[in-house]
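1. here is a sequence with its predicted model. Questions after.
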Amino acid sequence: MHERLEAIVSGRVQMVMYRDFAQRKARRLKLVGSVENLSNGTVRVIAEGPRDVLEQYLTRLKGGPLLAQVENVTPLWLPAIGGFRGFNIVY
């Protein structure tokens, strides 16, 4: 059964390749969804897949890429709704 993870990532997460990092990790785990920068300096990640895989992904999001300084990741767990084709960066 698939679930949906919606996470807001705060800290130094823009201009440090965080979206690219999130996309690469999601694709490696075969998750679908999207990642985008928000105007308040945070990053929103939406991912769908099996709960155990999403939990692995959440752990990776908390680490972030080398130049990032992740201060907080706020997850919200919901039922999967589908509609994604792959995992994409929203520009």
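-> It's in.
2. secondary structure class for the residue positioned nearest the centre of the chain?
-> The C-alpha lying nearest the average C-alpha coordinate of the chain belongs to V45 (C-alpha atoms, centre = their mean; 3.4 Å). Recorded secondary structure, V45: strand (DSSP: H, G, I helix; E, B strand; the rest coil).
3. for it, list each beta-bridge partner.
-> A7, V35 (DSSP bridges).
4. repeat for the one 4 residues further on
-> For G49, the beta-bridge partners are E3 (DSSP bridges).
5. retrieve the pLDDT associated with it.
-> Looking at G49, its pLDDT stands at 98.
6. I'd assumed L61 was in contact with V70.
-> Yes - with contact defined as C-beta atoms under 8 Å, V70 counts as touching L61 (7.4 Å). From N, CA and C alone the C-beta is placed, and that goes for glycine too.
7. what's the spacing between D52 and F87?
-> 17 Å (C-beta to C-beta, to the nearest Å).
8. low-scoring stretches of the chain, by residue?
-> Scanning the chain for pLDDT under 70 picks out no residues.
9. relative to E71, how far out is the residue nearest to the centre of the chain?
-> Going from V45 to E71 by C-beta to C-beta gives 15 Å.
10. next one: A22
-> Counting by C-beta to C-beta - A22 and E71 are separated by 16 Å.
11. same check on F87?
-> Counting by C-beta to C-beta - F87 and E71 are separated by 24 Å.
12. contacts for the helix or strand that S10 is a member of next, please.
-> Taking DSSP states H and E as the criterion, S10 maps to strand 2-12. Under the criterion C-beta atoms under 8 Å, 6 or more residues apart in numbering, residues 18, 33, 38, 41-51, 54, 57-58, 61, 64, 67-81 lie in contact with strand 2-12.
13. do stretch 27-45 as well
-> 4-10, 13-14, 18-19, 22-23, 26, 46-49, 53-54, 56-57, 61, 84-91.
14. okay, buried residues for that stretch please.
-> Going by neighbour count (16 or more other C-beta atoms under 10 Å), the buried part of stretch 27-45 is L29, L31, V32, G33, S34, V35, N37, T42, V43, V45.
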